[in-house]
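1. A predicted structure for the sequence below; I have some questions about it.
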Protein chains: 2
Amino acid sequence: MTDNISADLLITNGTVITMDCKDSVIENGAVAVKGEDIAAIGKEADLSACKASKIIDARGGIIMPGLINTHTHASMTIFRGLADDLPLMTWLNNHIFPAEAGLTPEKVRDGALLACAEMILSGTTCFCDMYLFEDHVAQAAKEAGMRAVVGEVLYDFDSPNYGVLEKGFAYSEMLIEKYRNDPLINIAVEPHSPYLCAPELLERASLLAQKNDLQLVIHVSETKSEVSQIKKKYGLTPVGFLAGLGVLSPNMLACHCVHLTEDDIALLKKHDVKVSHNPESNMKLASGIAPMPELLKKGVCIGIGTDGCASNNNLDIFHEMSMAAKLGKIHARDPAAMNAGSVLRMATIDGARALGLSGITGSLEPGKKADIIILDTKKPHLTPMYNPASHLVYAARGSDVLTSVINGRLVMEERKIFSLNIAEIAEKVIRIAKDIGKNNTAAHKQ
Amino acid sequence: MTDNISADLLITNGTVITMDCKDSVIENGAVAVKGEDIAAIGKEADLSACKASKIIDARGGIIMPGLINTHTHASMTIFRGLADDLPLMTWLNNHIFPAEAGLTPEKVRDGALLACAEMILSGTTCFCDMYLFEDHVAQAAKEAGMRAVVGEVLYDFDSPNYGVLEKGFAYSEMLIEKYRNDPLINIAVEPHSPYLCAPELLERASLLAQKNDLQLVIHVSETKSEVSQIKKKYGLTPVGFLAGLGVLSPNMLACHCVHLTEDDIALLKKHDVKVSHNPESNMKLASGIAPMPELLKKGVCIGIGTDGCASNNNLDIFHEMSMAAKLGKIHARDPAAMNAGSVLRMATIDGARALGLSGITGSLEPGKKADIIILDTKKPHLTPMYNPASHLVYAARGSDVLTSVINGRLVMEERKIFSLNIAEIAEKVIRIAKDIGKNNTAAHKQ
């Protein structure tokens, strides 16, 4: 029995999937929120003495931690479906890069706001972003009420945002200062990849991240051609190359990791590097199948990411979980590989760990920040329910999410988002897309 | 300009994706329905003279043919999530087969009704079913107002429904007579597979199908062990074995086709055998990756299927399309493989062809039966829209479907199903599941 507590929000009448270290599931459970924090979790009967100014009845559904998208380029919603089913280099050179050349802070902001709306509506409460004009992505996340890890992409050539690389580091340092004590925004240092960043850039980025105890987010071994290129240039795999530079660390988030050798996997494990798995993007771009069952077996921490909307084309982590589990099984030729429980951890607590945020989000535990979603399970496709974890990974959709609480704030209830004006955002993005489409030969092609 | 016509239903204000042989897309389009049939399709302005007793405003969304699920075991919704992530033989022998031993006509009916609700809610208007007690599946489909191809599964051992095989053929003939002129139900002859059916059974089933001009539906080359078994027994691949029996024909629907040789593919093409592709089930059971890009290249007609809910665990063809496209690309190592247009055809007109129903469904064309769905595209995850086909395959979800018309009847409007009492069906299935769960060790395990 919990002592009398007063709360700001009490969620009752649900199955609470805590994702704590014991994988505790509480039937007929309740969660009390006070300020930004989870104040108490327990059986509904045990929280009956809790007085709250707002009570939400989960109507027998699932109460769980908000999902975490460990790798995306949120603003790329503006390119969703612009050019699909094309060879990688045609897609990049003829469609994405020319469209990106016209980016402005406003377009980045509007695209990110649309992404936030989509993410909230599909149960994501926290995302890690890599793109240009990231101050504007951070502002969009704050406006939406979402938790985010954002970092300006750094590479050897000039950026449409900051210009020369030196200014990229200055911009990153500005972000670090600006958001140092922000309740929602965490800054990361984000060199693009071993193939677009010289050793000096990578070392300097790593030092900046270390000095400020921030995540170092980077694309690693996404495609075969990238691996060949790095091998040709340095005589090493991308992971081996990064190890040689001394930049592998527990603060590194290596995105994609599709083409890994056994030695690469051992290095990632040795340095406790975190991995972001992006199955849909890897499939859609035909990059390859990431060896996630092998990484899991070695105990490497894996989060799930959607990548950007130009190569997915959605930001639904439920869809991504289903893909991750099924792709892992087919890759391992073992239906027992990547079971529902492990995939659910990737999308919650392990995702938080990958972002350096496991102390504050990723599970429902007293003292953590209140990042909570509620799912409606009274639907034909979620009936019957023998096992909630199975349903969350194999049957649920983003559209089953009714309610979202982020950092203690009720951001969405009954699928109505309070923080954003969706119609207005959509109108702006449609206008942006009209301009992009005019200049693009692939748009409107069946 | 269409002449004055009177219609029962007029759908206006949408982008009409016809899936006709020219892949016609009509912006600002409208569709008129009279009785069971599509009476007219065109620009909204051209149908302005049409008088209809019921008008539905698609609100700028997508109007398209209802989706076709070419392979499922609908009643297996009652086992959804009962036992996942297990080795194939443990799953079958310890969980599915014991649970199926307790099947009754009522359980099959209730499970099928739940499946129909899920399918209608996710845009499917026609499904092909293989299971036991199929008369009750047919009745469920009729009650739901869905189009279905149903057939009683035939195999060498006794069936919990009909007993000895002889009675299985009698049951199949009964179905053929009973539904001969049914507007919604089509009967198929359905021997389970080369590994569970002796040559005599297969030949007799084939003759019965031919005599009545019905589809012959069969599982083919789903797993490696099945292929080894047939090779050991007959010295041939499953497809080669069926060819030797003389049962390959344009009326055959071969489900799964995961493990095929080049000769197998040539045989399927030569005999114009239709194929049902079930990517999610093949992935979840780690059966393998079906060579669909190769089959497509040879011009083999492919439909999409979800398989049963015990190995998927949902019946959402939108989800299946996304998987099919992405799995095909990764398999072919080519992002241009399995493009959105070809996958959309699989889920509509080619699915209809696979079921022998392309004369009546699978596309929106005057004179065909009115099997139509409307999608709400004013949602963040479908914004912006450069290309409707891309969105339908890569971004849409079953939950975006608002309205469903089947055989001219308005079965669902604004996500409210008129034909079924979902709460009552769910209650029955939950009761069935409680009994099943009691006897099952895997249920309720995280």
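-> Nice, I can see it.
2. touching, A:Asp213 and A:Ser249? I think so.
-> No - the criterion here is C-beta atoms under 8 Å, and A:Asp213 misses it with A:Ser249 at 10.8 Å. Yep, even glycine has a C-beta here, placed from its N, CA and C like the rest.
3. model confidence over stretch A:129-138, on average?
-> Stretch A:129-138 shows a mean pLDDT of 98.
4. strands along the stretch 301-446 of chain A, start to end?
-> Counting by DSSP state E, counting those that start in this stretch, the stretch 301-446 of chain A has strands at residues A:302-304, A:372-375, A:401-406, A:409-413, A:416-417.
5. so which of those strands is nearest B:Glu190?
-> Nearest of the strands of the stretch 301-446 of chain A to B:Glu190, taken as C-beta to C-beta: strand A:372-375 at 36.4 Å.
6. any idea how far A:Glu152 lies from chain B?
-> Using C-beta to the nearest C-beta, to the nearest Å, one gets 25 Å for the distance from A:Glu152 to chain B.
7. OK, contacts around that residue?
-> Taking C-beta atoms under 8 Å, 6 or more residues apart in numbering or on different chains, we find A:Glu152 in contact with A:131-135, A:159, A:161-162, A:168, A:171-172, A:175, A:190.
8. turn the strands of the stretch 301-446 of chain A into a markdown table, columns for mean neighbour count, mean pLDDT and distance to chain B.
-> Shown next, in a markdown table, are the strands of the stretch 301-446 of chain A (neighbours: other C-beta atoms under 10 Å in any protein chain shown; pLDDT from 0 to 100; distance: least, C-beta to the nearest C-beta, whole Å):
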| stretch | mean neighbour count | mean pLDDT | distance to chain B |
| --- | --- | --- | --- |
| strand A:302-304 | 27 | 98 | 15 |
| strand A:372-375 | 26 | 98 | 13 |
| strand A:401-406 | 25 | 98 | 11 |
| strand A:409-413 | 20 | 98 | 12 |
| strand A:416-417 | 14 | 98 | 9 |
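9. may I see the ones you listed organised as CSV, with distance to B:Thr12 added?
-> Shown next, in CSV, are the strands of the stretch 301-446 of chain A (distance: least, C-beta to C-beta, whole Å):
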stretch, distance to B:Thr12
strand A:302-304, 41
strand A:372-375, 35
strand A:401-406, 31
strand A:409-413, 32
strand A:416-417, 28
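10. and B:Tyr394, which of the ones you listed is closest to it?
-> B:Tyr394 sits nearest to strand A:302-304 of all the strands of the stretch 301-446 of chain A, at 17.7 Å, using C-beta to C-beta.
11. can you name every helix or strand that the closest one contacts?
-> Packing partners of strand A:302-304 (3 or more C-beta pairs under 8 Å, 6 or more residues apart in numbering or on different chains; DSSP states H and E): strand A:67-72, strand A:274-277, helix A:292-298, helix A:317-332, helix A:340-346, helix A:349-354.
12. list the contacts for A:Ser206?
-> A:Val189, A:Leu216, A:Leu245, A:Gly246, A:Val247, A:Ser249.
13. just give the nearest non-adjacent residue to the first one, would you?
-> The shortest distance from A:Val189 to any residue other than its chain neighbours is 4.1 Å, reached at A:Ala209 (C-beta to C-beta, 6 or more residues apart in numbering or on different chains).
14. so where does the one you found fall, helix or strand?
-> Here A:Ala209 sits within helix A:199-212, counting by DSSP states H and E.
15. got the CA positions of that helix in CSV?
-> The C-alpha coordinates for helix A:199-212 follow below in CSV (Å, rounded to 0.1, in the frame of the first residue of the first chain):
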residue,chain,number,x,y,z
PRO,A,199,40.2,11.6,-38.9
GLU,A,200,40.8,15.1,-37.5
LEU,A,201,37.1,15.9,-37.6
LEU,A,202,36.2,12.6,-35.8
GLU,A,203,38.9,13.1,-33.1
ARG,A,204,37.8,16.6,-32.5
ALA,A,205,34.1,15.7,-32.3
SER,A,206,34.9,12.9,-29.9
LEU,A,207,36.8,15.2,-27.6
LEU,A,208,34.0,17.7,-27.7
ALA,A,209,31.5,15.0,-26.7
GLN,A,210,33.8,13.6,-24.0
LYS,A,211,34.4,17.1,-22.5
ASN,A,212,30.7,17.7,-22.2
